[in-house]
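J.: Sequence and predicted structure below; questions after.
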Amino acid sequence: MVKHLIVFNVSAEVSKESCLAMAAQAREELMRIPGVTGVSFGVAVAENASYRYLLIIDFADEEVIDFYRDHPIHVRFADEVFRPMAVHRITTDYRMVF
């Protein structure tokens with residue numbers, strides 16, 4: 001299993017409610033991509049965390065990474081919904097060991 005982690009902050013004009021709605025949309029849309037096995041969203045416990053939000057997309061295996069990156073559902077969601085909202089972000093893929 002591979003976890004695609006994105007820690008991010010939203011622009012100042014984006015409300016917490018809008019961010020939560022975006023995360024729900026991410027789950028609904030990205031789960032339609034073959035090889036995506038889960039989508040999770042979290043909010044930092046500490047108010048002063050460097051990154052306030054976390055989006056985790058679970059992939060069945062490493063072969064899904066490139067497929068997901070280029071998939072039209074992901075490209076549209078990332079370009080039209082996520083990136084305009086998530087102005088500061090770090091993305092990394094992790095191969096799970098245990």
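T.: The structure has been received and is ready for your questions. Being a predicted model, the structure only gives us computed values, none of them experimental.

J.: use CA for all of it now, contacts and neighbours both
T.: OK.

J.: Quick one: the helices in the protein, in order.
T.: Assigned by DSSP state H, the helices in the chain fall at 16-30, 64-70, 72-77, 83-85.

J.: how about the ones you listed in JSON lines, adding mean pLDDT?
T.: Putting these into JSON lines (pLDDT from 0 to 100) gives the following:
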{"stretch": "helix 16-30", "mean pLDDT": "96"}
{"stretch": "helix 64-70", "mean pLDDT": "97"}
{"stretch": "helix 72-77", "mean pLDDT": "98"}
{"stretch": "helix 83-85", "mean pLDDT": "95"}
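
J.: And the ones you listed: which comes nearest residue 98?
T.: Residue 98 sits nearest to helix 64-70 of all these, at 19.1 Å, using CA to CA.

J.: now residue 8, nearest residue through space, not along the chain?
T.: Among residues not flanking residue 8 along the chain, residue 89 sits closest, at 4.1 Å (CA to CA, 6 or more residues apart in numbering).

J.: Also residue 62?
T.: Closest to residue 62 by CA to CA, 6+ apart is residue 2, at 6.2 Å.

J.: is it true that that neighbour touches residue 96?
T.: Yes - the criterion here is CA atoms under 8 Å, and residue 2 meets it with residue 96 at 5.8 Å.

J.: Of these two, give the one with the bigger neighbour count.
T.: More crowded of residue 2 and residue 96, by other CA atoms under 10 Å: residue 2, with 20 against 9.

J.: Quick check: closest non-adjacent residue to residue 93.
T.: residue 4 (4.4 Å).

J.: residue nearest the centroid of this protein?
T.: residue 55 (3.7 Å; CA atoms, centre = their mean).
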